[in-house]
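Q: missing the sequence, but the structure's below:
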Ligand SMILES: Nc1ncnc2c1ncn2[C@@H]1O[C@H](COP(=O)(O)OP(=O)(O)OP(=O)(O)O)[C@@H](O)[C@H]1O
Ligand SMILES: Nc1ncnc2c1ncn2[C@@H]1O[C@H](COP(=O)(O)OP(=O)(O)OP(=O)(O)O)[C@@H](O)[C@H]1O
Ligand SMILES: [Mg+2]
Ligand SMILES: [Mg+2]
């Protein structure tokens, strides 16, 4: 009988290298996580983080929030037939402690210890109480002890013939141009798996993915596609479909610690930031720089549509206008706050007369961002601000952001299950100088205090109260100027498989990139067309 | 110069160049649109309002094209000048001084010649990150002089043997004067060819680097236009005007320069000339006035 | 022999120098690849993890001279390290894959355009002043001046997008396994046509112009006139007297042209998404994949040196004056 | 030959690799006299000229200027030497820079060697020079070399050499590229200069007939050695060295038909081989007539 | 007098210019008898080579042999030949030694090949027969046959010129044109070569059109001499008459400009 082969494009590359090391986040094939190494739990971001239990059948957070216990399903097996037990989980966590380079999600630092309770139960003891730790823990793949214990250098280990726990573990074909990954003979959830094999043709860039999509070769892809209705859907409107879900927040950020003393004065003035925000034409940016695909984010608390179930309606009523594009209002706000042209050079200056000169830094080659900046510059310039753009190498940009050594930039922040994460990543002073997500270098003790409390309460009502408060503080201070949430791209073809998630049935995020564990759920939901 | 005007290729080439130069000079007068402002909807095909259509961002292609001519020309001429000056000076010194100086210069020249140029440029430009046209011109100047040294040197070697250089030496002319006044004037055509060839090279290299995304996107230049068009998938979405306009402009500039270069070659080397005499000759033969 | 030995010594020196430049260039570049990778991946990685990763990839802070010598040693033992982007693929493997395509593309294109260009140049010079000469010269001028990027984009637009006669990427149908079968080979040819066409378009003119000029300069030589005076056929004189001698300087110009050819193929590979060396270099630069960039420049220089040497060799073979002594 | 020589080569040798381009060459130049140096191509004539022009430094022996060795001469002595010794080249087409006018060619040496002249004085001097070589200044000053005939160019070369007021002129085959009809004019000019300015002339040629026309003394060179030398008439009238005889018998002579080949011509190879060997011994034939006999 | 080997009648040759033509050969007529050595003398640029080229019809544009000109070789007008006939005619009937001895051999072919291509083209000879014939011819000019495998650059100038002469003799041509064959050579070598030509001419019976600047030499070797001035043939006479009793003023001027090796020296007064 014929096999059901699902043709997927999950990463773009000029050549395939046989590497299925689940810890090699950038070097492993994109089908390694989730498909070969199944997570303990998949949290569904689209449904308020609902837990879909996979290898684990349950987990239990201790009341003091200082430990969490996962219970594995009964009878789990590795793809080579060996049993998958709590020992493997403990081994994995010991392993990443031993080889810190493997810990690509920095989970070790939060764990005091990992202990086996019984063959199916593992307890993680935490350094700090944390109600959200499960989200982090499930991001680490569990590897078989009987294989990995003998690996001398797991960082460079290519794991060419993986032994895994997920649905698709058998590499039946591998060339630089294409590889195929087929069903796990010992998969615990085989009943739900209708797809026999994944085929991954090598595709180097968006146009190639588009070509493969347009001629119907691909069943499932994640790629930016210009003018998608014409270039893809129109080719076969019945089967060619897409659904773009909002994800990473893209925002303008100002460095509160920028080396230029005059700029610093302005940037630390909330009135200046608000005025700036009002001068950003988000809709045009989305339409032109983003082909209409992103979702405008005009939420001064920076959460926006993505976290709308967490939203505090107060924010919109009190501060909503600062997220709206309004050229006149922006100009008026600048005038009112004293930012007028004092020295007659045609550019607005600080109220004390010192000049402001803003250099918007974007990484070289990130075209949509460059376009967005160019569009923004039009209105900023029209409002009399002295702005220009520089496009250094991405590495320079990154280190500038990390050090706060820039004046203005666009920055992106990956989406997460809970608004706690964007806040902590953006405002945690411990991360200043370490992460580009703290690029604004904005400090607020109250925010940090509230975030600390947030992880330590378990009661949803209490959590909501804290989150509401947080949003008001952030919206009032407006430390970042949100612009849009960039889309996760998801294109699919219904001629060979059905069961796809879409706007009408947003059951989970169906994006097939390796940043979305829910893709596993999508795979399991697919049914071949007869 | 007068000879140039008698050469058909030169006249066509010069006409193209003059046209492009005029366009560059009068760019602001020639178009009502700013090259860096959105003045229309994205990717509008050519129309009365936008002669060459608009870009993905809604910029006017024609306006960008005429403003871009400035940058392409400036980089070409600037880098060409730098390349030519370095190449000529080193070439004459190596060829005339000989000995260790020659060995050293010659070694470096040959070495630079065997290190592939564009890959090196790519790496250098990437290293600099945001390569403004000025930076590109400077990098080009400092990496691409080798060919000039080679031809200038070999020509100098042969001129050095000429008796007029010998007699200048015997008169006691200082070395620099011999190089500047005895040798250099006789290299004019080679220097001219080198100069124009270098301009062609620089224009192409700039466009290539920018096309590959190593340029400064603030610039309005033909290379950046190519880059933007490519990034906007102009071909996939059928916006051919966005991509073809800078393409054709570059091809035209290259052609104009090459024609002039070819003509200089013909003038410097009369044997290459195929002037009007051949036409007359053919006429006379077919009229039965004579034969070979 | 002495001539070749001298050239060999020079090539060795040039290779060393290139290797040295190669060593310093990436070290002067700002930013490091691991950071870049994570910056674009948008992922969060603690500083400790980052440093642990860097260490594994061999970004040690040993003194420069130590780094240099261990680098030289690895260069001469053929160990170019491992790619960062395509970890853990050895750079030599990665480049080896790409090299085949580039060699094929560049080799065949050079062969075609050299032959075609030389032929056009010979004919144009021989029929000097005729319509053929005018047209051929004009085509040659155009071909030698129009940028490769322009030609490749136009070719891609016309044949790839508008007429859809040829594919827009790959060196062969990715669904096919490499094999010595007609299906595979025809697929390679099919995919290689546009890049090849572009490269040939860009290269032919230069060869034709050089050859034409050389020929014309030679046609006045006494031995050519003597060839005609001997009553030999035109073809005979054209080939064995004129072209054979005019070829000598053309061949030496070929050595210089190799750099241009490689550059041309680089941009063409990028435009046509051809998996050759140029494309690999481009990707490596974008990803700051130092080991690959280094290996790449080295291989390209090596290729230049080897082809220069081949040119030298053929020069010696073609010119009896160099054979002895 | 009582007056002191202005310039002399004293036992000078110059070796290129294995080739002796000059072997123990000695001769002296006196003012008001012309010394002709004849020999076949490759015999070392130009090498001798270059040794004098200090383009080559001798491997052995020395160059004497007014009796003083010009070994490592200092700048001043060198300058004096430069302004005293000048050269006229063989090819009138190559000895003038196509990029400069005639005026420039004559003005430069004046500027270099007579720094105190004003512009007007120099102009007058240029005109005088042109008149001296029998050219019309008004017509020629502004012209470029390619607008002149070969003979005119050679005259300019001579004028340029004269511009520095030299005492010695070395003329390396100055007429071999010229047509018969203009050749004589140049030779006459050289003779005049010698007589009027008291120049010492080294006339290098392979045309013995013209040598006889301008020179009082002659040297016959072969393979870097001067094999026979002395008074012109004595040497031509009574050649002693077999190579000299061979040379003389090969010179075209309209009075002799071709078939009457001389004895020397049948032994060309032998004579050549023998003459190329080092011949240190010198034999005096007459008062001013010497040979280095073949072994 | 037997019918001439070469008979040039009213030869007019122009170099066509972009605007005006340069009339290089003006109405020149002369004959060369079988076995005769005819000398053509004149200043540089007077049109000697232009005539020589015309006889084998070797000119290239923009040279133009005007209509009305006739060049009869053995009574046949060379100017009426078509391409194929012309190829057959060349070298078989008229062979030519060029001005620069050094450059008239193809530098990339061996000496043997340069014999072979003539012999094969004209007689269809095989390599072996051509080799034998070449060896034989080389002996005529005193060169050892082992030189056959050498390249031109391995031979001295005089040797090269003799090789060219040997190649010229390959097909027993009726006429040998020698355009300043010895200007680049030494007097001694020149003498050797011309002597050899003189002998071969008598032995093989071909005629020679000999072009040179050197009047003394010309008188020595030629039977008859033509003096050219600016494209015109101003005087044709037998050699001794040209020497002892020159008719044309120009010829007299030439003689007056030639320094003598022996006897009374010329005065040095040159007629303007
Ligand atoms: N720079 C040099 N390097 C090597 N060999 C040289 C050099 N100059 C001259 N020779 C050799 O020295 C010998 C004498 O050369 P020279 O030029 O003095 O001869 P010549 O008599 O002037 O010849 P010609 O009449 O051709 O000018 C020749 O064998 C020549 O090859
Ligand atoms: N291809 C040409 N185009 C125009 N003019 C030419 C061409 N070839 C020769 N001439 C001119 O024709 C005239 C005769 O040239 P030709 O070569 O016959 O002279 P020549 O007597 O052989 O001179 P030489 O003794 O220098 O060889 C010269 O004035 C020359 O400038
Ligand atoms: Mg101001
Ligand atoms: Mg001639």
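A: Ah, there it is. The model shown is predicted, which means the values in this text are computed figures rather than measured ones. Ligands and ions are numbered 1, 2, ... in the order given.

Q: Quick check on residue 56: phi, psi?
A: In the absence of a named chain, this looks at chain A. Note on residue A:56: backbone dihedrals following degrees, to the nearest 10 are phi -90, psi 150.

Q: how close does the residue in the stretch 51-200 of chain B that chain D sits nearest to sit to ligand 2?
A: Here the stretch 51-200 of chain B gets closest to chain D at one residue, residue B:185, 3.4 Å apart by CB to the nearest CB. (Glycine included, C-beta is placed from N, CA and C.) Residue B:185 sits 25 Å away from ligand 2, going by CB to the nearest ligand atom, to the nearest Å.

Q: Hmm, that residue is touching residue D:144, no?
A: No - with contacts counted by CB atoms under 8 Å, residue B:185 stays clear of residue D:144, the gap being 11.2 Å.

Q: Please enumerate the shared neighbours of these two.
A: Contact criterion CB atoms under 8 Å, 6 or more residues apart in numbering or on different chains; residues bridging residue B:185 and residue D:144 by contacting each: residue D:100.

Q: got a list of what the residue in the stretch 101-250 of chain D positioned nearest to chain C touches?
A: Per CB to the nearest CB, residue D:177 is where the stretch 101-250 of chain D lies closest to chain C, at 18.5 Å. Residues near residue D:177 by CB under 8 Å, 6+ apart: D:90, D:91, D:92, D:93, D:150.

Q: again, but for residue B:115
A: C:14, C:18, C:21, C:259, C:297, C:301, C:304.

Q: could you check whether the one helix or strand the fourth one maps to is close to chain E?
A: This means residue C:259. For residue C:259, the host element (DSSP states H and E) is helix C:244-272. Yes - looking at helix C:244-272 against chain E by CB under 8 Å from any CB of the partner chain, the contacts come from C:244, C:245, C:248.

Q: Let me know the closest of the contacts of residue D:177 to chain C.
A: For the contacts of residue D:177, the nearest to chain C is residue D:93 (17.2 Å; CB to the nearest CB).

Q: So in the chain, which helix runs the longest?
A: All of this refers to chain A. What stands out as the longest helix in chain A, according to DSSP state H, is helix A:460-477.

Q: meant chain E actually
A: helix E:187-204.

Q: Show me the helices in the stretch 51-200 of chain B, by range?
A: Assigned by DSSP state H, counting those that start in this stretch, the stretch 51-200 of chain B shows helices spanning B:61-97, B:99-114, B:117-128, B:133-143, B:146-160, B:163-170, B:175-177, B:188-211.

Q: TSV please, covering these and showing distance to residue C:270, mean pLDDT and mean neighbour count.
A: TSV is the format used below for the helices of the stretch 51-200 of chain B (distance: least, CB to CB, whole Å; pLDDT from 0 to 100; neighbours: other CB atoms under 10 Å in any protein chain shown):
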stretch	distance to residue C:270	mean pLDDT	mean neighbour count
helix B:61-97	20	93	23
helix B:99-114	23	88	17
helix B:117-128	10	77	23
helix B:133-143	18	88	21
helix B:146-160	24	90	21
helix B:163-170	48	89	23
helix B:175-177	46	92	12
helix B:188-211	8	91	25
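
Q: Pipe the ones you listed into JSON lines and attach distance to chain C per row.
A: Shown next, in JSON lines, are these (distance: least, CB to the nearest CB, whole Å):
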{"stretch": "helix B:61-97", "distance to chain C": "11"}
{"stretch": "helix B:99-114", "distance to chain C": "5"}
{"stretch": "helix B:117-128", "distance to chain C": "3"}
{"stretch": "helix B:133-143", "distance to chain C": "11"}
{"stretch": "helix B:146-160", "distance to chain C": "7"}
{"stretch": "helix B:163-170", "distance to chain C": "23"}
{"stretch": "helix B:175-177", "distance to chain C": "28"}
{"stretch": "helix B:188-211", "distance to chain C": "4"}
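
Q: To residue C:63, which of the ones you listed lies closest?
A: helix B:117-128 (22.5 Å; CB to CB).

Q: so that closest one versus helix B:146-160, what angle?
A: If you take axes from the mean of the first three to the mean of the last three CA atoms, to 10 degrees, helix B:117-128 sits at 130 degrees to helix B:146-160.

Q: I would like the residues contacting helix B:117-128, please.
A: Under the criterion CB under 8 Å, 6+ apart, residues A:393, B:131, B:135-136, B:139-140, B:143-144, B:205, B:208-209, B:212, B:214-215, C:25-26, C:28-30, C:259-260, C:262-263, C:266-267, C:278, C:281-282, C:285, C:293, C:296-297, C:300 lie in contact with helix B:117-128.

Q: Generate a ChimeraX selection restricted to the buried entries among those residues.
A: Filtering the contacts of helix B:117-128 down to the buried ones (16 or more other CB atoms under 10 Å in any protein chain shown) takes a single ChimeraX command:
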select /A:393 /B:131,135,136,139,140,143,144,205,208,209,212,214,215 /C:25,26,29,259,260,262,263,266,267,278,281,282,285,293,296,297,300
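
Q: Tell me the backbone dihedrals of residue B:235, please.
A: phi -70, psi -40.

Q: check contacts around it.
A: A:207, B:243, C:153, C:156, C:157, C:160, C:161.
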